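Participant: here is my input; please provide its structure:
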Amino acid sequence: MSQLPLPREALYAPDYPLETPRLRLRPFIRGDVDAVYAYRSREDVARYLSDRAMSHDECADAIHSRAGQIALVGEGDKILLGMERKSDGHLIGEVSLIWRNVADGQGEIGYVLNPDYHRNGYATEAAEALLAFGFLQVELHRIYARCHALNEPSWRLMERLGMRREAHLREHIRVKGHWDEELIYAILASEWSGLRTPPR
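Facilitator: Sure, this is the predicted structure:
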């Protein structure tokens, strides 16, 4: 992918595409609408998200806004990337990093994967790449992730990343007319680095 034009004030951005052994993590383009609709329109995907299942037009609007989420400039900014398989070029999901607090070095990762590609480690691989970017390039102190308490595959993934459960928020907010139960997992830069230091 050719070098993307970044906002002039951008402080941090991956060298696109951000590659993992099996994936290219890259900005969204207009041609991704059908691939995103293939999973964002599914009720089993929307079940644990704050968003409802999306129409094709809603996916097109989302792609338009996501295409510009490629760099971190300040607090609250998000990098949102598509997961593209190297083997066939299929877009299979999305992964994100949000700069939640600049002064305290806090970030949040998230991910959504097309269920047709579950149980292959793709989301773990993509999330690991954004953890590395957040800790090594942005120099974040702590990165956390959240999920619905009933979304066991999601919190199991967080545990595979080396994150620890910090909180279980019970009925803390109403989502889609129901009380939400949320788990919060996190990992510190020192903990992440320690996981990657070979034992002596």
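
Participant: which residues does the helix or strand bottoming out on mean pLDDT in the chain contact?
Facilitator: Sorting the helices and strands of the chain by mean pLDDT, DSSP states H and E puts strand 174-175 at the bottom, at a mean of 78. Strand 174-175 is contacted from outside by Ser50, Asp180, using C-beta atoms under 8 Å, 6 or more residues apart in numbering. Just so you know, the C-beta spots here come from the backbone N, C-alpha and C atoms, and that holds for glycine as well.

Participant: residues contacting whatever helix or strand comes next after it, please?
Facilitator: Using DSSP states H and E, the helix or strand that follows strand 174-175 towards the C-terminus is strand 178-179. With C-beta under 8 Å, 6+ apart as the test, strand 178-179 has contacts from Glu171, His172, Ile173.

Participant: list the contacts for the last one?
Facilitator: Pointing back at Ile173 there. Taking C-beta under 8 Å, 6+ apart as the criterion, Ile173 is in contact with Trp179, Asp180, Glu182.

Participant: next one: Asp180 from Glu19, what distance?
Facilitator: Asp180 sits 35 Å away from Glu19, going by C-beta to C-beta, to the nearest Å.

Participant: likewise Leu183?
Facilitator: 30 Å.

Participant: please say which of these two ends up with more neighbours.
Facilitator: Shown here are Leu183 and Glu19; by other C-beta atoms under 10 Å, Leu183 has more neighbours (20 against 15).
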